[in-house]
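K.L.:
dropping the sequence and predicted coords here.
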Amino acid sequence: MHIAIAGNIGAGKTTLTTLLAKHYKWQPHFEDADDNPYLNDFYDDMQRWSFNLQVYFLNSRFGQVQQIRNSGKTVIQDRTIYEDAYIFAPNLHAMGLMTTRDFNNYFALFKLMESFISPPDILIYLRATVPTLVKQIQKRGRDYENTISIDYLSRLNERYEAFIATYEMEHKDAKLLIIDVDTNNFSEKAEDLGVIINKIDAEINGLF
């Protein structure tokens, strides 16, 4: 099985991936943010580095999905290839931080890659308001995230909501779980994590 976790910056994707991998003995696949050669440059000059960053993420995520499907194991993935294509890249284009030429080139590459992959068996969406995202970003203290603006996070949240609204219609065989991070503190409360585990168990049982 392929389980994936989607959510805005600071929503808790890596934390939940770690907790669920430990609980279920699943193999985790993390986003290699700290090893990304473009990330610091991107946050310093988004317009210059947006295309490079998004192509790097697209290539990395496509390779991950291929590995997951070929592994024969149950894998839980931190962030999906769809988020890059339907949320981050279009947002950069809309903000004038990626040219139309670069965006069209990028999206054509994504559509080609998408034709070779399947959606995750279960997608877990971590929904969080901007104040919650800001609090969690500040808590983890990554230097390159210090310059992320409220406006940027708000724009991403709007795109996440639009993406999730259409995801089920486009992937009718895929399961979707939505977790409200504002009210579910799974990183610190075992009972909140238990709520998520119970929902996943119900979805897994429905797959077989």
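P.N.:
Thanks, I have it. Residues are numbered from 1 along each chain as shown.

K.L.:
which helix is the longest one in the protein?
P.N.:
In the chain, assigned by DSSP state H, the helix with the most residues is helix 46-71.

K.L.:
give me the distance between the spatially most central residue of the chain and residue 61.
P.N.:
Centre of the chain computed as the mean C-alpha position; nearest residue by C-alpha atoms, centre = their mean is residue 79, 2.7 Å away. Distance of residue 79 to residue 61, computed by C-beta to C-beta, to the nearest Å: 7 Å. Backbone N, C-alpha and C define where each C-beta goes, glycine included.

K.L.:
where does the protein have low pLDDT?
P.N.:
Along the chain, segments meeting pLDDT under 70 span 33-34, 141, 144, 207-208.

K.L.:
so where do the strands sit in it?
P.N.:
All strands of the chain, identified by DSSP state E, fall at 2-7, 27-29, 75-78, 122-127, 175-180.

K.L.:
the fourth one packs against which elements?
P.N.:
Right, the one you point to is strand 122-127. strand 2-7, helix 13-24, helix 150-170, strand 175-180, helix 190-207 (3 or more C-beta pairs under 8 Å, 6 or more residues apart in numbering; DSSP states H and E).

K.L.:
ok, that strand: who's next to it in the sheet?
P.N.:
Here strand 122-127 has these sheet partners by DSSP bridges: strand 2-7 (parallel), strand 175-180 (parallel).

K.L.:
run the chain-centre distance for it.
P.N.:
Remark: strand 122-127 is offset 9 Å from the chain centroid, using C-alpha atoms, centre = their mean, to the nearest Å.

K.L.:
and it with helix 150-170, angle?
P.N.:
Orientation check (axes from the mean of the first three to the mean of the last three C-alpha atoms, to 10 degrees): strand 122-127 against helix 150-170 gives 150 degrees.

K.L.:
cool, and the first one?
P.N.:
Comparing the axes of strand 2-7 and helix 150-170 via the same axes, to 10 degrees yields an angle of 140 degrees.

K.L.:
residues contacting the nearest residue to residue 93 once chain neighbours are set aside?
P.N.:
Excluding its sequence neighbours, the residue lying closest to residue 93 (C-beta to C-beta, 6 or more residues apart in numbering) is residue 103, at 4.1 Å. By C-beta atoms under 8 Å, 6 or more residues apart in numbering, residue 103 lies in contact with 89-90, 92-93.

K.L.:
so can I have a markdown table of those showing distance to residue 174 and neighbour count?
P.N.:
As requested, those are exported to a markdown table (distance: C-beta to C-beta, whole Å; neighbours: other C-beta atoms under 10 Å):
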| residue | distance to residue 174 | neighbour count |
| --- | --- | --- |
| 89 | 22 | 24 |
| 90 | 21 | 19 |
| 92 | 26 | 24 |
| 93 | 26 | 20 |
